[in-house]
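Student: Fold the following and give me the result.
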Amino acid sequence: MSKKIKLDSLYISIVSICLVFLYFCHGDNYLILWKRIPSIFFFALSCLLIFPFLAYKKVINGLFRNKLLFYFILLSSVLLVLATISFVPFLGFTTNFAYLKTTLLNFLIMLVCMIFFSSKGSIDITLKIMVYGVLLAVALNIYDITHIDNYYFSTDDPRNRRAFSMVFARAAGFYLDPNVSASALVFGLILTENTIANKRLKFLYVLAVGGAVGITLSLSGVLFFSVYFFLRFIYGKVKLNIVLIVAVLFVIISAVIRDLMERKVIYFGPGITARIKAITNPFEGGQGEIVEKNSRTILLENAIEMILEDPVFGKGIGQHQFVETEQSARSRSGTHAGPHNQWLAFVIDYGLILGAGLFALIFFVLMPLKHSIYRKEVFYFLITYFLYSLFSHTALKNHSLMFLLPLVYQMGRIRKNERGSENK
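Tutor: Reported below is the predicted structural model:
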């Protein structure tokens, strides 16, 4: 290996470490909230790090053929046009400009990652570094669950809190939101599992991720992990004896936890208890309680009401954020939580046809090529991403997904003879 190739690989590794930490691991949350470093610093640093890649003709040519880039240009254009229309009073179209600003900034983060991944030599290196990013997320979730903090009685300054998670008794790490943490862990597992050659280490890696997902107490996260594990078993990548080992471990751990709860050794209130019971025994009756606690049914009903008010043209950019929660419906706190569904969010904002069409388009864009060496990983990701979109309205918002979407797009376009054929 020549000296130039070594230096190129070293530089790619440095850039990859920064992007994985800042955006996939949501390390920017920690640096902004706990270290008080302005977010513009990270974006400027990211731009500076990826600037040398723009000197390569292959990268530029790749951007001009990048369908995902065209998709986000289209989406940004729609946002800007609709924002302009909202200045006409009699049209009744509203724009949440704070949401618009955040969305466009997120798209810029995605563009930075897209430029970096336009170099095929960046893919393999990044996937290997992401393994450590996933393990960091696992470690931080363990830290959170061993440093439980009562969010509702904490001060506004996060530096005075013990845990990173913004939800009581649920691990989240730098992601702050347990549901985001769980989904990022599953997405990371899907894309990085095959980079670990040793079967025992791979098994321990999967178990660690599964455990970290479990302690987020995210029902959707547990569902994503279970679906992925099932798909791996169906396609013969997970042997029956492994399934039995995992099942036995799950039963033993669940039994221990439920016994401790019954003896009041551990108790975090009715809401958390309901979640733990739902995860440790999904076949137990009475799971409707947790749905009611989460107000998901109320959010769904309120979201549908908003859609029916303006089904054709929608209510305007970012208006899905004002779907009322159970508390605001009872006129207690006036809080809003959004619909917890990306499809509903787009339909509320842009109407039935434009909203559903815009979001559905991204799945066609991300479809891998027929002879891609990462074809299965991309399909697993798309299945999980679709499920994620049914449980969250942040499928085009989270920094981890702004990092992952361009990575997945490029993975789906690498053929066998192209793997590792270039460094920059």
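Student: any weak-confidence spans in the stretch 251-400 of the chain?
Tutor: Applying pLDDT under 70 to the stretch 251-400 of the chain picks out residues 283-295, 324-336.
Student: where do the strands sit along it?
Tutor: Listed in chain order, the strands of the stretch 251-400 of the chain (DSSP state E, counting those that start in this stretch) span 316-317.
Student: Helices of that one, start to end?
Tutor: Assigned by DSSP state H, counting those that start in this stretch, the stretch 251-400 of the chain shows helices spanning 270-280, 288-294, 296-309, 326-329, 342-350, 352-366, 375-391, 399-411.
Student: Ok, which of those comes nearest K239?
Tutor: helix 375-391 (17.0 Å; C-beta to C-beta). (Glycine included, C-beta is placed from N, CA and C.)
Student: closest to D259 out of the helices of the stretch 251-400 of the chain?
Tutor: Nearest of the helices of the stretch 251-400 of the chain to D259, taken as C-beta to C-beta: helix 270-280 at 10.5 Å.
Student: helices and strands around the closest one, which ones?
Tutor: Helices and strands touching helix 270-280, by 3 or more C-beta pairs under 8 Å, 6 or more residues apart in numbering; DSSP states H and E, are helix 219-234, helix 240-262, helix 288-294.
Student: Output the helices of the stretch 251-400 of the chain as TSV; include the columns distance to G211 and mean neighbour count.
Tutor: What follows is these, written out as TSV (distance: least, C-beta to C-beta, whole Å; neighbours: other C-beta atoms under 10 Å):
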stretch	distance to G211	mean neighbour count
helix 270-280	12	19
helix 288-294	21	15
helix 296-309	25	16
helix 326-329	31	16
helix 342-350	27	26
helix 352-366	29	16
helix 375-391	18	19
helix 399-411	19	24
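Student: Show me the one of the ones you listed that comes nearest D28.
Tutor: Smallest distance to D28 across the helices of the stretch 251-400 of the chain (C-beta to C-beta): 6.7 Å, for helix 399-411.
Student: Mind giving me the packing neighbours of that closest one?
Tutor: Looks like helix 399-411 contacts helix 67-85, helix 97-117, helix 121-146, helix 178-192, helix 352-366, helix 375-391 (3+ C-beta pairs under 8 Å, 6+ apart).
Student: picking up where we left off before, closest one to L219 among the helices of the stretch 251-400 of the chain?
Tutor: Closest of the helices of the stretch 251-400 of the chain to L219 is helix 270-280, at 6.2 Å (criterion: C-beta to C-beta).
Student: how far is the closest one from where the chain is centred?
Tutor: Taking C-alpha atoms, centre = their mean, to the nearest Å, one finds helix 270-280 lying 23 Å from the centre of the chain it belongs to.
Student: Could you do stretch 19-34 as well?
Tutor: 13 Å.
Student: repeat for stretch 235-243
Tutor: Worked out by C-alpha atoms, centre = their mean, stretch 235-243 lies 26 Å from the chain centre.
Student: got the contact list for that stretch?
Tutor: Outside stretch 235-243, the residues that touch it by C-beta atoms under 8 Å, 6 or more residues apart in numbering are 203, 229, 232-233, 376.
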